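Novice: can't give you the sequence, but here's the structure:
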């Protein structure tokens, strides 16, 4: 990991740069056979603003250059309604957990998940995440980081997602 990459809470003044990161990420998804995960400019700007307002949105940046954003994501500790129902499986436990949502990279650095995962693990040892069935890249990353596939969850709009959980046993 590069020690020159830091993570901080996002500010409303970051919004234009965050939206640019999502634009780059959506194009990357299309280019890698995952055109449906974030169609129609998802995640919505209103959701990103809500995350920022609730201090649940983070950005990765280059040390000594807080405006040079590399990636963004939401991280929430607490119950996520979309995870209350899981189909064709079950969660590994029902203990308190953190959720990584809306992770996007501006494609300026590699191994973005490493930074996000280590950040999340520093906050809680029980982490959940979901991804689109077409997002084979994220599925491989989650397996590499020892996330266990748990089943299928459904977003508020009815779309299904593959659900994963990580429990740090150290």
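Specialist: Now that the structure is in, tell me what you want to look at. Treat the numbers as computed from the prediction; the structure is a model and nothing was measured.

Novice: which residues sit against the longest helix anywhere in the chain?
Specialist: Secondary structure of the chain per DSSP state H: the longest helix is helix 15-31. For helix 15-31, the external contacting residues (CB atoms under 8 Å, 6 or more residues apart in numbering) are 10, 35, 37-38, 41, 43, 45, 48-49, 52, 57, 59, 67, 69, 71-72, 104-107, 135. Where C-beta positions appear, they are placed from N, C-alpha and C, glycine not excepted.

Novice: what's the angle between whichever helix or strand comes after it and helix 15-31?
Specialist: Per DSSP states H and E, the first helix or strand lying C-terminal to helix 15-31 is helix 45-53. For helix 45-53 against helix 15-31, the angle by axes from the mean of the first three to the mean of the last three CA atoms, to 10 degrees is 130 degrees.

Novice: in helix 45-53, what's buried?
Specialist: Across helix 45-53, burial judged by 16 or more other CB atoms under 10 Å covers 48, 51, 52.

Novice: correct me if wrong: the last one contacts residue 12.
Specialist: Yes: Residue 52 is within contact range of residue 12, at 5.9 Å (criterion: CB atoms under 8 Å).

Novice: of the contacts of helix 15-31, grab the buried ones for PyMOL.
Specialist: Burial among the contacts of helix 15-31 is assessed by 16+ other CB under 10 Å; the matching PyMOL selection reads:
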select buried, resi 10+37+38+43+48+52+57+59+69+71+72+104+105+106+135
